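1. Make a model of this:
(one chain, ligands or ions: 1)
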Amino acid sequence: MIIEVENLKKSYGKLLALDNLNLAIEEGEVFGLLGPNGSGKTTAINCMLSLLHYDAGSIRIFGQEMTPESYDLKKDIGVVMQNVAVFPELTVEENVDYFCGLYVPDRKERKDLVNEAITFTGLDEFRKFIPKKLSGGLLRRLNIACGIAHKPKLIFLDEPTVAVDPQSRNRILEGILELNRKGSTIVYTSHYMEEVETLCSRIMIIDKGKAIATGTREELKSMIHLGKKVSFEAEEITAVQIELLKNLPGVHSVEQSGHTVHLKSDEENGILEKTLAFLKDQDIRYTNIYSEMPTLNDVFLEITGKELRD
Ligand SMILES: Nc1ncnc2c1ncn2[C@@H]1O[C@H](COP(=O)(O)OP(=O)(O)OP(=O)(O)O)[C@@H](O)[C@H]1O
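-> Next comes the predicted model:
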């Protein structure tokens, strides 16, 4: 096991930020911590890295107890924090070299690692730039280059794509998968469910410092017995017709927002066809009908009663 967290508790004054958190991550995983803002993701990471004192519980990394003095463990860990942390007066190259130098004292060895990290994050043409001259997306990529240049076995990335343009975002996500393919275990926090779904082999959904569900995306979705969702727009649908729709076999719930009708079913198949037949039978004019599979937001909504995004 690469990471084992048992019964972790952390309070800030009266606020219980982590409430008996348990976590086990195996080598080779891309593990996602998914939760809304303030759910405790950063606190969990900072505890795992021994950057924060915690009140109770135990943390083992690479099979050993993690303490603030675990320097031998830390050299195999890479950290990309939520807030970009680079030196404003150093160039891209100098920044990466500085952070890599914390773990790799040999200059020659480091030169190759720094070059590799810069190329990997697509920063070759910006080597001599200082951070102030970089766009938000490029700055995030520099943050990543600084965190991974020493080729760590375990990489923590805390919301690395917040406020990043789509091009940089894709590059970052592809880069993370590439790091995983090259052998690094990844712990990735986000409140973007799409990213976590695409990237992560296993996901823990966290809310108010508590793990509310853990599993692969398929396992998480199968927990909530929700089949497909169907949405369509209909300007003239009546309240009675909405009630009739709710009574169709297999229909779980129906909600209206403006002219859009959202229907949830507990069946995987056939619900779109049933809805179409109903609309035809009732002579309801509709546009933009589509069906979709449940998302991790549906899982979160069903378990907590609120949306993942605030
Ligand atoms: N240093 C601190 N002092 C007091 N409260 C804190 C501190 N750091 C975090 N908190 C609180 O602890 C809770 C968990 O915060 P944390 O930053 O771990 O959540 P998060 O899921 O990472 O959210 P975000 O994505 O917004 O960073 C929140 O209610 C937050 O306000």
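
2. which intervals of the stretch 101-250 of the chain have sub-threshold pLDDT?
-> Residues of the stretch 101-250 of the chain meeting the criterion pLDDT under 70: 225.

3. near the ligand, which residues of it show up?
-> Within reach of the ligand by Cβ under 6 Å from any ligand atom, the stretch 101-250 of the chain has these residues: 159, 191. Every C-beta, even on glycine, is put in place using the N, C-alpha and C of the backbone.

4. Helices along the stretch 101-250 of the chain, start to end?
-> Per DSSP state H, counting those that start in this stretch, the stretch 101-250 of the chain carries helices over the ranges 107-120, 136-148, 166-181, 193-199, 217-222, 239-246.

5. and the last one, what other elements does it pack with?
-> It stands for helix 239-246. strand 251-257, strand 260-265, helix 271-281 (3 or more Cβ pairs under 8 Å, 6 or more residues apart in numbering; DSSP states H and E).

6. and the ones you listed, which is most packed in?
-> Most buried of these, by mean neighbour count (mean count of other Cβ atoms under 10 Å): strand 260-265, with a mean of 20.

7. ok, back up a step: want to throw the helices and strands packed on helix 239-246 into JSON lines with distance to Ile45 and mean pLDDT?
-> Formatted as JSON lines, the helices and strands packed on helix 239-246 follow (distance: least, Cβ to Cβ, whole Å; pLDDT from 0 to 100):
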{"stretch": "strand 251-257", "distance to Ile45": "36", "mean pLDDT": "90"}
{"stretch": "strand 260-265", "distance to Ile45": "34", "mean pLDDT": "92"}
{"stretch": "helix 271-281", "distance to Ile45": "40", "mean pLDDT": "92"}
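
8. could you dump the ones you listed to CSV with distance to Arg169?
-> Formatted as CSV, the helices and strands packed on helix 239-246 follow (distance: least, Cβ to Cβ, whole Å):
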stretch, distance to Arg169
strand 251-257, 28
strand 260-265, 27
helix 271-281, 31
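
9. so can I have JSON lines of the ones you listed showing distance to the ligand?
-> Formatted as JSON lines, the helices and strands packed on helix 239-246 follow (distance: least, Cβ to the nearest ligand atom, whole Å):
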{"stretch": "strand 251-257", "distance to the ligand": "27"}
{"stretch": "strand 260-265", "distance to the ligand": "27"}
{"stretch": "helix 271-281", "distance to the ligand": "34"}
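
10. follow-up on the earlier one: tell me which of the helices of the stretch 101-250 of the chain is the most buried.
-> Highest mean neighbour count among these (mean count of other Cβ under 10 Å): helix 136-148, with a mean of 24.

11. how about stretch 45-64: buried residues?
-> 45-50, 52, 54, 57, 59-62 (16 or more other Cβ atoms under 10 Å).

12. Alpha carbons only: can I get that stretch in PDB?
-> Extracted in PDB, the C-alpha atoms of stretch 45-64 (Å, rounded to 0.1, in the frame of the first residue of the first chain):
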ATOM      1  CA  ILE A  45      -3.300  16.300   1.800                       C
ATOM      2  CA  ASN A  46      -1.500  18.600   4.200                       C
ATOM      3  CA  CYS A  47      -1.900  16.000   7.000                       C
ATOM      4  CA  MET A  48      -0.700  13.200   4.700                       C
ATOM      5  CA  LEU A  49       2.400  15.300   3.900                       C
ATOM      6  CA  SER A  50       3.000  16.100   7.600                       C
ATOM      7  CA  LEU A  51       2.600  19.800   6.900                       C
ATOM      8  CA  LEU A  52      -0.200  20.000   9.400                       C
ATOM      9  CA  HIS A  53      -0.500  18.500  12.900                       C
ATOM     10  CA  TYR A  54      -3.600  16.400  13.300                       C
ATOM     11  CA  ASP A  55      -5.600  15.400  16.400                       C
ATOM     12  CA  ALA A  56      -5.800  11.700  16.000                       C
ATOM     13  CA  GLY A  57      -5.300   8.800  13.600                       C
ATOM     14  CA  SER A  58      -2.300   7.400  11.700                       C
ATOM     15  CA  ILE A  59      -0.700   8.000   8.400                       C
ATOM     16  CA  ARG A  60       1.700   5.600   6.600                       C
ATOM     17  CA  ILE A  61       3.300   6.400   3.300                       C
ATOM     18  CA  PHE A  62       5.300   3.700   1.400                       C
ATOM     19  CA  GLY A  63       4.600   1.400   4.400                       C
ATOM     20  CA  GLN A  64       6.300   3.800   7.000                       C
END
